[in-house]
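*Asks:* Quick one, structure for this:
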Amino acid sequence: MEADIGDNIAAGWLERVLEDWMPSVAPLCPYYPGRKNPRAAFSAFIQAAREFGNARRA
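*Replies:* Purely as a prediction, here's the structure:
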């Protein structure tokens, strides 16, 4: 995944090929059931995932 090799692309060690053929996708797409009272650990995970996604876009 690009998240694993992004630093190498930025450093110029790797190069993207066939970039026009690659679909644009979100870096992280969790699917989960909506619940009124999710557990604290689950809520913390979702918050961390959102922050990670926002940091990757910046």
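*Asks:* just the helices in the chain please.
*Replies:* Counting by DSSP state H, residue ranges of the helices within the chain are 2-11, 40-57.
*Asks:* Alpha carbons of the longest one, as CSV, please.
*Replies:* In this case it means helix 40-57. The C-alpha coordinates for helix 40-57 follow below in CSV (Å, rounded to 0.1, in the frame of the first residue of the first chain):
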residue,chain,number,x,y,z
ALA,A,40,-14.7,3.6,24.9
ALA,A,41,-11.9,1.6,23.2
PHE,A,42,-13.9,1.4,20.0
SER,A,43,-14.6,5.2,20.1
ALA,A,44,-10.9,5.9,20.7
PHE,A,45,-10.0,3.7,17.7
ILE,A,46,-12.4,5.5,15.4
GLN,A,47,-11.1,8.9,16.6
ALA,A,48,-7.5,7.8,16.0
ALA,A,49,-8.4,6.6,12.6
ARG,A,50,-10.0,9.9,11.7
GLU,A,51,-7.0,11.8,12.9
PHE,A,52,-4.6,9.5,11.0
GLY,A,53,-6.7,10.1,7.8
ASN,A,54,-6.7,13.8,8.2
ALA,A,55,-3.0,13.9,8.9
ARG,A,56,-2.3,11.9,5.7
ARG,A,57,-4.4,14.4,3.6
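*Asks:* nearest to Gly34, of the helices of the chain?
*Replies:* Minimum separation from Gly34 across the helices of the chain (C-beta to C-beta) falls at helix 40-57, 11.3 Å. (Each C-beta comes from the backbone N, C-alpha and C, glycine too.)
*Asks:* Select the helix or strand of this protein having the lowest average pLDDT value.
*Replies:* When the helices and strands of the chain are scored by mean pLDDT, DSSP states H and E, helix 40-57 comes last with a mean of 83.
*Asks:* For the helices of the chain, give me TSV that also has distance to Val17.
*Replies:* Listed next are these as TSV, based on distance: least, C-beta to C-beta, whole Å:
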stretch	distance to Val17
helix 2-11	11
helix 40-57	22
